[in-house]
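Asks: Make a model of this:
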Amino acid sequence: MRIVTLSLALASCVGLAACEGSDLERGVLGAGIGAAGAAATNNDVAAGAAIGGAAGVVCDDISPRLCADR
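Replies: Predicted structure coming up:
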């Protein structure tokens, strides 16, 4: 169950962090979303922030259309 929860949090971070322009902005936003998601689901907040931050930073490398600068 924990893997499912973390996977959903990661997917949410990528989708929401895609709205920002630079890797740093997406990383910070992703870390915040990951930490909040982990706290809300009683998981490790630091791990959620790390996963969310990493997802935000690599978002444009994984899916350029989703993360295109607008």
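Asks: And residue 50, what's its pLDDT?
Replies: pLDDT for residue 50: 93.
Asks: Helix, strand, or coil at it?
Replies: helix (DSSP: H, G, I helix; E, B strand; the rest coil).
Asks: Please tell me I have it right and it contacts residue 35.
Replies: No: using Cβ atoms under 8 Å, residue 50 makes no contact with residue 35, being 9.0 Å away. Bear in mind the C-beta positions are built from the backbone N, C-alpha and C, glycine included.
Asks: which of these two has more neighbours?
Replies: residue 35 (23 against 16; other Cβ atoms under 10 Å).
Asks: Tell me who's in contact with the more buried one.
Replies: Residue 35 makes contact with 45-46, 48-49, 52 under the criterion Cβ atoms under 8 Å, 6 or more residues apart in numbering.
Asks: Check the secondary structure at it for me.
Replies: Assigned by three-state DSSP, the conformation of residue 35 is helix.
Asks: For it, which non-adjacent residue is closest in space?
Replies: In space, and not counting its chain neighbours, residue 35 is closest to residue 49: 4.0 Å by Cβ to Cβ, 6 or more residues apart in numbering.
Asks: What subset of the contacts of residue 35 is buried?
Replies: Burial by neighbour count, 16 or more other Cβ atoms under 10 Å: within the contacts of residue 35 this picks out 48-49, 52.
Asks: would TSV of the contacts of residue 35 with distance to residue 27 be doable?
Replies: Formatted as TSV, these follow (distance: Cβ to Cβ, whole Å):
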residue	distance to residue 27
45	16
46	15
48	14
49	10
52	9
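Asks: Name the nearest of these relative to residue 39.
Replies: Nearest to residue 39 among these: residue 45, at 5.2 Å, using Cβ to Cβ.
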